[in-house]
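1. Predicted model follows, preceded by the sequence.
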Amino acid sequence: QVQLVESGGGLVQAGGSLRLSCVASGSIFRINNMGWYRQGPGNQRELVALMTSGGSTNYADSVKGRFTASRDNAKNTAYLQMNGLKPEDTAVYYCHAEITQRSMRTLEVWGQGSLVTVSS
């Protein structure tokens with residue numbers, strides 16, 4: 001059993017900043033790719049940032065230059081630093097990870113979601 005627990009969402013004015021955290025726990029052998037997704041009102045879930053196990057990070061064009069994704073492998077934790085927030089960034093943000101358990105079984109796991117609301 002593995003799980004991802006997110007924290008850090010909230011309400012912020014346009015131009016402000018927030019940082020999301022995502023901690024993985026359970027029977028973990030290795031965390032492979034980790035990513036952040038979001039789903040805004042009436043929209044499909046979309047990729048925000050993807051961090052590969054090889055160390056590269058890819059961002060959606062809409063957040064490039066404003067958002068920074070990072071991970072601390074020693075703490076099984078991922079972060080999403082969001083600066084210059086815009087009202088269109090309002091969404092529920094989800095952490096996602098591909099985790100290999102100690103049993104060598106690989107799972108895809110989602111966090112519970114964090115609501116980020118940006119007021120104009």
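-> Okay, I see it. Numbers count the residues shown, from 1 in each chain.

2. C-alpha from now on. contacts and neighbour counts both.
-> OK.

3. For this structure, which segments are assigned as strands?
-> Assigned by DSSP state E, the strands in the chain fall at 2-7, 10-13, 18-26, 30-39, 46-51, 57-59, 67-72, 77-82, 91-100, 106-110, 114-119.

4. can you redo the ones you listed as CSV with mean neighbour count?
-> Converted to CSV, the strands of the chain look like this (neighbours: other C-alpha atoms under 10 Å):
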stretch, mean neighbour count
strand 2-7, 19
strand 10-13, 15
strand 18-26, 19
strand 30-39, 20
strand 46-51, 20
strand 57-59, 16
strand 67-72, 18
strand 77-82, 20
strand 91-100, 23
strand 106-110, 16
strand 114-119, 20
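
5. Against the centre of this protein, work out the most remote residue.
-> Most distant residue from the mean C-alpha position of the chain: Ser103, 25.3 Å away (C-alpha atoms, centre = their mean).

6. That one and Phe29, how far apart?
-> 8 Å (C-alpha to C-alpha, to the nearest Å).

7. can you pull the contacts of Glu46?
-> Tyr37, Arg38, Gln39 (C-alpha atoms under 8 Å, 6 or more residues apart in numbering).

8. I'd guessed the second one sits against Leu80; true?
-> Which is Arg38. No. The pair Arg38 and Leu80 fails to qualify as a contact (C-alpha atoms under 8 Å) at a distance of 11.7 Å.

9. Name the residue closest to the centre of the protein, please.
-> Nearest to the mean C-alpha position of the chain, by C-alpha atoms, centre = their mean, lies Trp36 at 2.9 Å.

10. Now that one: closest residue in space that isn't a chain neighbour?
-> Leaving aside its chain neighbours, Trp36 sits nearest to Cys95 (4.7 Å; criterion: C-alpha to C-alpha, 6 or more residues apart in numbering).

11. That neighbour is in contact with Leu4, isn't it?
-> Yes. Applying C-alpha under 8 Å, one finds Cys95 in contact with Leu4, separated by 7.3 Å.
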